[in-house]
Structure formats: structure tokens, C-alpha cells
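1. Okay, here's the prediction I keep looking at, along with the sequence it came from:
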Amino acid sequence: MEYYFKEKIVQIFMIVLSGGGDYDQNGQKQGNQIDVGMINIYRYLTMIGQYYYGVRILKWKYKINDLQFQGMYHDNGQKMDY
């Protein structure tokens, strides 16, 4: 990920752990999944939502420590603007 702050590029590296869901014959995520991204030892991002053939679909809930928000995805995996 890259963020731009006052013309500087700051890169954030995140380790993502997955679990709590099913996989198809090709190893792609299916159904409800929980992904946890570790930003550093004090901050982590929890992502809860659905995959369809390895693509994020529908509503996803995100939580960084005590901050919660959500996002929506089309059936093709593209983020919705709302």
C-alpha cells in the first residue's frame, strides 16, 4: 500500500493471515472469511466478508483496533463508490 502525505510516499507493509473459511479445488477462497493484517505489533486490521472464487464480493467489515468501517464490492471484485 502507498499513501501520499505532503508529496512524500509512505509505504505500509502488512502481514495478512487468513482463516475461518472454505477453499475450492483450485485453492481459491470461498464463502465467509476472516483475514487479519498485522500492521505492527500494536495495530492490526481485521477484515470480515465473503469471497466468490477468490474475489471479494458484497459487504466487508474492517476493524483497526477500536476503529470500525465497511466497504462494498461488486460481483467482479471491484470496490463500490457510495
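-> That came through fine.

2. So which residue is dead centre in the chain?
-> Central residue check for the chain by C-alpha atoms, centre = their mean: the C-alpha nearest the mean position is that of Met47, 4.9 Å away.

3. if I look at it, how far off is Gln25?
-> If you measure Met47 against Gln25 using C-beta to C-beta, to the nearest Å, the figure is 24 Å. Just so you know, the C-beta spots here come from the backbone N, C-alpha and C atoms, and that holds for glycine as well.

4. The helix or strand the residue nearest to the centre of the chain falls within pairs with which strands, parallel or anti?
-> With elements taken from DSSP states H and E, the one containing Met47 is strand 44-52. Here the strand partners of strand 44-52, with direction, are listed using DSSP bridges: strand 29-38 (antiparallel), strand 55-64 (antiparallel).

5. start to end distance for stretch 23-34?
-> Distance between the two ends of stretch 23-34: 13 Å, counting by C-alpha to C-alpha, to the nearest Å.

6. buried sites along it?
-> The neighbour-count criterion (16 or more other C-beta atoms under 10 Å) identifies 29, 33 as the buried residues of stretch 23-34.

7. Contacts only, for Tyr53.
-> Each residue near Tyr53 by C-beta atoms under 8 Å, 6 or more residues apart in numbering is listed here: 24, 28, 30.

8. what do you get if the cut-off is 6 Å, keeping everything else the same?
-> By C-beta atoms under 6 Å, 6 or more residues apart in numbering, the contact set of Tyr53 is Gln28.

9. bridging residues for the residue nearest to the centre of the chain?
-> For Met47, the beta-bridge partners under DSSP bridges are Asp35, Tyr62.
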